[in-house]
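Trainee: build me a structure from this.
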Amino acid sequence: MRQNLQRRVDWRLSAFAEAPQRWDISAGLAVVLGVAYFLSARLSLFLLTKPDGVAVFWPAAGVAAGVLVALGPRARLPVVAGAMVATILANLSGDRTVWSAVVFAACNAGEAVLVAGLIEFYFGSAFSLGRLRHVLGLLAAAIVATAVSGIGGTAGYVWFHSSTTPVLTIWYHWFTSDALGIVTVAPLLIGLVSAARDPPPQSELIEGALALVALTFLSGVIIFLPRETWATVVPIAALFPLLLWLAARCRPVFAAAAAFIVALTIVWTTTFGIGIFGDAHFPMAERILSAQAGILAVSLCALVLAALFAERRQHESVLMESEARLQEALTAGAVTAFDWDVRTGLSRRSANAAQILGFDPQQAFSATQFLERVHPDDRARFKALVRDVRPESPSHAATFRFIRPDGREVWLEETSTAEFDAAGSLARVKGLTLDITERKHAEERQDLLIAELDHRVKNVLARVAVVAMQTRQSSGSMNEFVGALDGRIQSMAVAHSLLSQSRWQGVGLTDLVRHQLAPYATDANTTISGPNIMLTAAATQAVAMVLHELATNAAKYGALSTPVGHVSVNLDRTTSGDAAASLMIVWREIGGPPIAPPGQSGFGTNLIRNLIPHELGGTVHLDFKPDGVLCKIEFPLERT
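Mentor: Reported below is the predicted structural model:
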């Protein structure tokens, strides 16, 4: 509870500390927006309809709505405050009363809040000019909000401005001026905020800026064209290519800027009677209507085109990213996708085909070329599988060998589905080809291991049978037979265990000696010296049995049967001239009871003397000296 209370206190203290900073930002935003709103409003008040006195273009509405949509609900209070104060000051600087200025301020602020609220409700915070649905949503929100605010504005004109103009006319002028202001200015502010968060690359900035400069120059030229019949076609023919260029090549903010430039040019020339939109020979109502129609047409054209191209770029980016991920997955899985058009005979493969098949993925190759590289032993079977495909069983799978252009042979597993035309003829085959070369090699290695294991098991069983028979013949009793046989089988098991740990790659001789002496040895009664030479599986098993017999005899009759006895095993690699290297093992016993040569050699002695020469092609010298047994074992390393 104390921790929770402390967290609440810390949160309130941090919120209190951050409050001045948030208020400073809000106040700054309100001031900046108020100034921009005031200047926009003053510009609009230059162009008023007569006799109702409603502005025909109100960009200030776009300033408030655009900032609020771009910055979100957190900017609501600064936007409302700045818009209301700026509206009141702009109206009081003209011929408006205080009460009418207050009503207009409330309507303008509420209008911006309503636009932003509708956008937030239907599109969330992820509003973007790069989606056509969002652009149309902004237009719909502008229509709804300005229609609603126009009711309040009309009431203000009627009640506090003593206007004699029909109510519907006042509402219409309010609605059109505010709606045009939102459609032309709000997208620019939304796009600028979005560009500030995610700046476009420098090349796009330069390209977009140059296009906007060219558009500004052309707009000025078009304004001063003579009022001829052909003059109505020239603006469209001149401006549309630039708008299309900006929409296709740049982000929507540039198209929004272009629409704003054209709208500002039209409003400025209409206000001050310049060019074709300011021709005094035409009534003011016609000039205003032409100006509004031109602004609306250019703005919608620019924004819709920009949204369409932005969506296309986004879809292309998503498609390219998806294709890249698919290619990565195919490459990681050693899989290539293919599409074979039976009518043309051409086959297309995914980009990783070069890695698996050795073909250039950009180079189309025919099915005949592919079949030519199928292994001759598998080609007929592969053709038969494809030929037997039917509409009722369109899928098939084949495993075959493939010879790459570089000559390397790989194993492929192909799974495909056929498509048939209305007549039931084969039209197209699509599927996946998997590189299973490693799997096939693993299966071959496994088969070899199984065969080798089978061979070794048979050898072990045969050796156990021989050992059991010989042990039985040299044993005086059943207990002696069981004990001797158990020891010898345990020796073979130790050697087998060491070989299994090394995956039958070989066993170090020092490790083998240590394990065979382990039942009887201590640090005081045994010494092992020399390099840890690696033995093959065959040498390991033979040397292990010999060492076991030497250790068993030493434990029963020799140095290991008494506390003062000692056994030393010296390991060495020897060479003599050009002869191959040999392995020398010297077993020496000292300190044990006096030794006399046995009158008759038993199975153990015969095994020591005969196993190494028989299996490894070596020599064994076994000497029963009075002071201890000496055994020298030597065999060529090339046989190990």
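
Trainee: low pLDDT regions in the stretch 451-600 of the chain?
Mentor: With pLDDT under 70 as the threshold, the stretch 451-600 of the chain has low-confidence stretches at 452-477, 479-489, 491-496, 498-505, 576-579, 599-600.

Trainee: list the buried residues for the longest strand along the chain?
Mentor: Ordering each strand of the chain by length in residues (DSSP state E) puts strand 409-420 first. Buried residues in strand 409-420, counted by 16 or more other CB atoms under 10 Å: Val410, Trp411, Leu412, Glu413, Glu414, Ser416, Ala418. (Glycine included, C-beta is placed from N, CA and C.)

Trainee: spatially nearest residue to the first one, not counting backbone neighbours?
Mentor: Of all residues beyond its chain neighbours, the one nearest Val410 is Thr437 (4.6 Å), with distances taken as CB to CB, 6 or more residues apart in numbering.

Trainee: surely Lys430 meets Trp340?
Mentor: Yes: shown here, Lys430 and Trp340 form a contact pair, counting by CB atoms under 8 Å, at 7.4 Å.

Trainee: who has more neighbours, these two?
Mentor: Counted by other CB atoms under 10 Å, Lys430 and Trp340 do not tie: Trp340 has more neighbours, with 21 against 14.

Trainee: circling back to that earlier point, just the closest of the buried residues of strand 409-420 to Phe400, please.
Mentor: Of all the buried residues of strand 409-420, Phe400 sits closest to Leu412, with 6.0 Å by CB to CB.

Trainee: dump the residue contacts of the spatially closest residue to the closest one that is not a sequence neighbour.
Mentor: Counting by CB to CB, 6+ apart, Phe402 is the residue found nearest to Leu412 once chain neighbours are left out, at 5.0 Å. Phe402 makes contacts with Leu357, Arg373, Val374, His375, Glu409, Val410, Trp411, Leu412, as judged by CB atoms under 8 Å, 6 or more residues apart in numbering.

Trainee: try it again at 10 Å.
Mentor: By CB atoms under 10 Å, 6 or more residues apart in numbering, the residues touching Phe402 are 356-358, 370, 373-375, 378, 382, 408-412, 414, 433, 435, 437.

Trainee: rewinding a little: tell me the pLDDT at the residue nearest to Val410?
Mentor: As predicted, Thr437 sits at a pLDDT of 82.

Trainee: picking that back up, state the phi and psi torsions of the residue nearest to Leu412.
Mentor: phi -130, psi 130 (degrees, to the nearest 10).

Trainee: Thr336 too?
Mentor: Main-chain torsions, Thr336, degrees, to the nearest 10: phi -120, psi 140.

Trainee: so how many other residues sit close to it?
Mentor: Counted with other CB under 10 Å, the neighbours of Thr336 add up to 26.

Trainee: and for Ala248?
Mentor: By other CB under 10 Å, the residues close to Ala248 number 15.

Trainee: give me the distance between the two termini of stretch 589-608.
Mentor: End-to-end distance of stretch 589-608: 16 Å, with CA to CA, to the nearest Å as the criterion.

Trainee: now that stretch: buried residues?
Mentor: Counting neighbours by 16+ other CB under 10 Å, stretch 589-608 gives Glu589, Ile590, Gly591, Gly592, Ile595, Gly602, Phe603, Gly604, Thr605, Leu607, Ile608 as buried.

Trainee: so how far is it from its chain's centroid?
Mentor: Relative to its chain's centre, stretch 589-608 lies at 73 Å (CA atoms, centre = their mean, to the nearest Å).

Trainee: quick check: neighbours shared by Lys430 and Trp340?
Mentor: Common neighbours of Lys430 and Trp340 (CB under 10 Å, 6+ apart) are Arg348, Ser416, Ala418.

Trainee: wouldn't Lys625 be in contact with Glu589 here?
Mentor: Yes: using CB atoms under 10 Å, Lys625 is in contact with Glu589, at 8.7 Å.

Trainee: what residues are shared contacts of these two?
Mentor: Joint contacts of Lys625 and Glu589 (CB under 10 Å, 6+ apart) are Ile595.

Trainee: where along the stretch 301-450 of the chain do the strands fall?
Mentor: Taking DSSP state E, counting those that start in this stretch as the test, the strands found in the stretch 301-450 of the chain are 335-341, 346-349, 365-366, 395-403, 409-420, 426-435.

Trainee: centre-most residue in the chain?
Mentor: Arg325 (6.4 Å; CA atoms, centre = their mean).

Trainee: separation between that residue and Leu426?
Mentor: Using CB to CB, to the nearest Å, we find Arg325 at a distance of 32 Å from Leu426.

Trainee: excluding chain neighbours, what is closest to Phe338?
Mentor: Leaving aside its sequence neighbours, Phe338 sits nearest to Arg349 (CB to CB, 6+ apart; 4.9 Å).

Trainee: repeat that for Ile633.
Mentor: Residue nearest to Ile633 in three dimensions, not counting chain neighbours: Ile585, with 4.2 Å by CB to CB, 6+ apart.

Trainee: if I pick Thr574, what's in contact with it?
Mentor: Neighbour list for Thr574: Ala581, Ser582, Leu583, Met584, Glu634, Leu637 [criterion: CB under 10 Å, 6+ apart].
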